[in-house]
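**Q** got a predicted structure plus its sequence, pasted below:
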Amino acid sequence: MQNHDSLPPDLVGLKKAQIYYIHGFIPIAAAYCRRLGLVELVNSLIPTQMELKPGLVVQAMVLDVLSGRNLLYHVENFLAR
């Protein structure tokens, strides 16, 4: 959480605003994936009987790449957090 004490005069009303940094932009990216229907699209294109649906795996890989990671074998650790 951060308080910003040095705001321009036209933003004085935001002086007491609290900004929380929880997980950076990943929740926003996940919300955008949901809005695009990424999981459903991939699931409709790849029929499977697996318990873990491929759309969820693809979304996890997208979010992992956007978080700055490049190695796919780190996805499991990324998702564990």
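**A** That came in fine, so what should we check first? Just so it is clear, the structure is predicted and the values come from calculations on it, not from any experiment.

**Q** where exactly do the helices run in this structure?
**A** 26-36, 38-45, 54-66, 75-80 (DSSP state H).

**Q** and the ones you listed, which one is worst for confidence?
**A** Here the lowest mean pLDDT among those goes to helix 75-80, at a mean of 72.

**Q** coming back round to it: out of the helices of the chain, the one nearest Pro9 is which?
**A** Pro9 lies closest to helix 26-36 among these, at 29.4 Å (CB to CB). Quick note: C-beta positions are derived from backbone N, CA and C, even for glycine.

**Q** does anything pack onto that closest one? Which helices or strands?
**A** helix 54-66 (3 or more CB pairs under 8 Å, 6 or more residues apart in numbering; DSSP states H and E).

**Q** does Leu72 really touch Met61, like I thought?
**A** Yes. Using CB atoms under 8 Å, Leu72 is in contact with Met61, at 6.9 Å.

**Q** will you turn the helices of the chain into JSON lines that also has distance to Pro9?
**A** As requested, the helices of the chain are arranged in JSON lines below (distance: least, CB to CB, whole Å):
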{"stretch": "helix 26-36", "distance to Pro9": "29"}
{"stretch": "helix 38-45", "distance to Pro9": "43"}
{"stretch": "helix 54-66", "distance to Pro9": "36"}
{"stretch": "helix 75-80", "distance to Pro9": "42"}
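
**Q** mean neighbour count for the ones you listed - can I get that in JSON lines?
**A** Formatted as JSON lines, the helices of the chain follow (neighbours: other CB atoms under 10 Å):
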{"stretch": "helix 26-36", "mean neighbour count": "13"}
{"stretch": "helix 38-45", "mean neighbour count": "14"}
{"stretch": "helix 54-66", "mean neighbour count": "17"}
{"stretch": "helix 75-80", "mean neighbour count": "12"}
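
**Q** ignoring the adjacent residues along the chain, who's closest to Cys33?
**A** Spatial nearest neighbour of Cys33, excluding adjacent residues (CB to CB, 6 or more residues apart in numbering): Gln59 at 5.0 Å.
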